[in-house]
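1. I'll drop the sequence and a predicted model, then ask my questions.
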Amino acid sequence: MSSLVGPGRVVKGAPYSAERVTEMTQSLVDGNRIHHKLTAKEFRDGEGRTRHEEAHGAALPGTGATRGTISLYDPVEGVNWILDPVEKKARKLPAPPLPPPPPTVSGGFAGEFSGRMVVRSLAIDAQPAPVWTPLAGGPGAAQEQESLGKRVIDGMECEGTRYVRVIPEGAIGNERPIRVEGERWFSKELQAMVETRNIDPRTGETRMQLTNIRRGEPDPALFRVPPDYEIVDGPGPVIIDRRIERKRP
């Protein structure tokens, strides 16, 4: 997996800009529903540099800036940056990059943890994951896959795969088998997953789609730290927590 804050297969020669829309819907036993929607911007240049922008709410009064995070990954220089657009600070994260994510934590969603840092990654290649990562299949889960053929999504020809995972009775304390199913649509031209859908009775339904896809080189300035940002280097905690606390009624 290639992420904006870690290593992986660097995709060269397939630059693009797009918006990534992720929606999650969970139905509760009392008939209530919880729905979340997150829109992020992502960019990749021809050398494999990536940028991911994620806002958290409206612009702050008097600043015009939006609270959120901007992640830069430069495989050419071997460096990652986390930008704070409100404080105008940039934290440099040199190699070695982050390790693979740990096992899924309770609550149904996973993050990446490395020393003093907690950060969500954005997958952009053949194995990307949505912002909210579904629970793992569990021990003994069997998976079946079938091809869905080709389909054009937002102007990109994509190849689809449907998968079904069945967690057998008793594997994770479940009284009956649990069926997890979904679809993935991958663009060879873009070298990215363009649309995904996952239905898991434990976490609900999660959909992701790339929209407003624009081929071609993005502005090179997007992959550099702005000149008016303060560079913060060395130890010290960086906590980028994108979990959404949910309280059942």
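-> Structure's in. What do you need? As the structure is a computational prediction, the values presented were derived from the model and not from experiment. Residues are numbered from 1 along each chain as shown.
2. right, and Val21 touches Thr211 too?
-> Yes. Using C-beta atoms under 8 Å, Val21 makes contact with Thr211 at a distance of 5.9 Å. All C-beta spots, glycine's among them, are computed from the backbone N, C-alpha and C.
3. more neighbours: the two, which one.
-> More crowded of Val21 and Thr211, by other C-beta atoms under 10 Å: Val21, with 17 against 13.
4. need the contact partners of stretch 184-192.
-> Identification of contacts with stretch 184-192 by C-beta atoms under 8 Å, 6 or more residues apart in numbering yields 11, 14, 16, 124-126, 128, 148, 151, 153, 156-161, 163, 193-196, 210, 213, 215.
5. what about the residues you listed, which are in strands?
-> Taking DSSP state E, the ones among the contacts of stretch 184-192 that sit in strands are 16, 148, 151, 153, 156-161, 163, 193-196, 210, 213, 215.
6. burial measure for the nearest residue in space to Gly216 that is not next to it in sequence, as a count.
-> In this structure, Gly216 finds its nearest non-sequential neighbour in Pro15, 6.2 Å apart by C-beta to C-beta, 6 or more residues apart in numbering. The local packing of Pro15 (other C-beta under 10 Å) involves 19 other residues.
7. does Pro15 touch Gly46 like I think?
-> Yes. Applying C-beta under 8 Å, one finds Pro15 in contact with Gly46, separated by 4.7 Å.
8. who touches both of the two?
-> Shared contacts of Pro15 and Gly46, counting by C-beta under 8 Å, 6+ apart, come down to Glu217.
9. that's all I had, so thanks and see you.
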